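Trainee: pasting the sequence and the predicted coordinates here, then a few questions.
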Amino acid sequence: NFLDSQRDLSLWVREKLRVYGIKLKKRLSQVILLNEKTLEKIARMLKELSIIHRFSSVIEIGSGPGTLTLYVAKECTNLYIIAIEIDKRFSAILREIQEYFWNVDIIIGDAIQLIDVIRSNVAIGNLPYHITSDILIEIAKHIDIALITVQKDVGMKIISKPGSKSYGKISILLQLLFDIKYVGGIPSKFFRPKPKVDSSILLLVRKRIYDKTIERIEEMTKCLFSYRRKHVYKALKRCIDLEYVDKMLSYMEQNLWRKRVFQLSPKDIEKLVHIYVELKNGERK
Ligand code: SAM
């Protein structure tokens, strides 16, 4: 067995990096998760999900030297794994893994451009930190189940509730689209080189598609949140035509107008957008 014969994962990775002359690049967020229990936990969870949600393939975003790839390939023999990695220096190591496991495919390229193209609606990955937001947007558009590791502060943003400091555009977008579960934390010491902050594992399961309404909500949120601490009325006046703002007043509950932007729930913003669109289309007077 590939993993059993490796005995120590960190030794294996260190040896491979040395053999292929790879120095990890900070610029590409190359930190490697080397804790076997955590890797096993993610792989097992993915297997359970594949049984519950009946999927047969998964995209791995940023596979690096293939530590997570290995554990998933071994545990999820029912799954086809498409490992995407931008840095071609890892391809030789990934090919070694691929030779051992029938269910691994490798694509060297940019995940941001590829998520949309590859026909799988499930994603895993320890996301490259410098492009987490862009990847989350791609996930929002194209992925139905995502089991991802993000930096702790990003994880906080994703799950935070209205009124809190970290609540914002990404919380609203993802909370409207997905049921989100905090799976657990990963201390920074489990990575090499050790990053400054801990990470969080999150599970996102789609409850709604990314459509025109969501796009409108995103647009409105973007504008409103540039006035995050202002009262809703004042912020709206800067985001949409005044004539609509005053009309909207009569359709919204009093307590919504008393809120400040950062206290609006995803549903509140959806309501605002809904009424605005109806007024604009002449479906309301
Ligand atoms: N999967 C490994 C793990 O769990 O330890 C490595 C994760 S590391 C945080 C992120 C990986 O994403 C790096 O290997 C990096 O080269 C890769 N990466 C960075 N930008 C990328 C992009 N645009 N598309 C695909 N992979 C990317």
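Mentor: Happy to help now that I have it.
Trainee: near the ligand, which residues of the stretch 1-150 of the chain show up?
Mentor: 28-33, 62-64, 67-68, 84-87, 110-112, 126, 128, 131 (CB under 6 Å from any ligand atom). C-beta: built from backbone N, CA, C; applies to glycine.
Trainee: apply 8 Å and report the result again.
Mentor: Neighbours of the ligand within the stretch 1-150 of the chain, by CB under 8 Å from any ligand atom: 25, 28-34, 39, 60-69, 84-87, 90, 109-112, 114, 125-131, 135, 149.
Trainee: filter those down to just the ones in helices.
Mentor: Residues of these located in helices (DSSP state H): 39, 67-69, 111-112, 114, 135.
Trainee: residues in contact with the residue nearest to Cys76 when sequence neighbours are not counted?
Mentor: Spatial nearest neighbour of Cys76, excluding adjacent residues (CB to CB, 6 or more residues apart in numbering): Lys47 at 4.7 Å. Neighbour list for Lys47: 75-76, 78-79 [criterion: CB atoms under 8 Å, 6 or more residues apart in numbering].
Trainee: so Lys47 is in which element?
Mentor: For Lys47, the element it lies in under DSSP states H and E is helix 36-53.
Trainee: could you report the pLDDT at whatever residue of the chain ends up closest to the ligand?
Mentor: For the chain and the ligand, the shortest gap (CB to the nearest ligand atom) falls at Gly62, measuring 2.2 Å. pLDDT for Gly62: 98.
Trainee: skipping its backbone neighbours, what lies nearest it in space?
Mentor: That would be Pro128: by CB to CB, 6+ apart, it lies 4.8 Å from Gly62.
Trainee: does that neighbour really touch Arg27, like I thought?
Mentor: No: Pro128 is beyond contact range of Arg27, at 9.9 Å (criterion: CB atoms under 8 Å).
Trainee: mark which of the contacts of Lys47 are buried, thanks.
Mentor: Among these, those buried by neighbour count (16 or more other CB atoms under 10 Å) are 75-76, 79.
Trainee: what's around Lys88, how many residues?
Mentor: By other CB atoms under 10 Å, 10 other residues sit near Lys88.
Trainee: OK, contacts around it?
Mentor: Ile108.
Trainee: show the pLDDT at the residue lying farthest from the centre of the chain.
Mentor: What lies farthest from the middle of the chain is Lys285; by CA atoms, centre = their mean that is 39.7 Å. For Lys285, the model assigns a pLDDT of 78.
Trainee: so who does it touch?
Mentor: Neighbours of Lys285 in contact, by CB under 8 Å, 6+ apart: 247, 279.
Trainee: picking up where we left off before, relative to Thr221, how far out is the residue nearest to Cys76?
Mentor: 36 Å (CB to CB, to the nearest Å).
Trainee: ok, back up a step: which of the ones in helices among the residues of the stretch 1-150 of the chain next to the ligand sits closest to Arg208?
Mentor: Comparing those against Arg208 with CB to CB places Ile135 closest, at 19.6 Å.
Trainee: could you find the closest non-adjacent residue to that closest one?
Mentor: Nearest non-adjacent residue to Ile135, counting by CB to CB, 6+ apart: Leu127, 5.5 Å away.
Trainee: repeat that for Gln30.
Mentor: In space, Gln30 is closest to Leu24, 4.0 Å off (CB to CB, 6+ apart).
Trainee: what are the boundaries of the strands in the stretch 151-285 of the chain?
Mentor: 178-186, 191-192, 199-206 (DSSP state E, counting those that start in this stretch).
Trainee: dump the ones you listed into a markdown table; add mean pLDDT, mean neighbour count and distance to Ser166 as well.
Mentor: Output for these, formatted as a markdown table (pLDDT from 0 to 100; neighbours: other CB atoms under 10 Å; distance: least, CB to CB, whole Å):
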| stretch | mean pLDDT | mean neighbour count | distance to Ser166 |
| --- | --- | --- | --- |
| strand 178-186 | 98 | 16 | 13 |
| strand 191-192 | 95 | 18 | 22 |
| strand 199-206 | 98 | 20 | 12 |
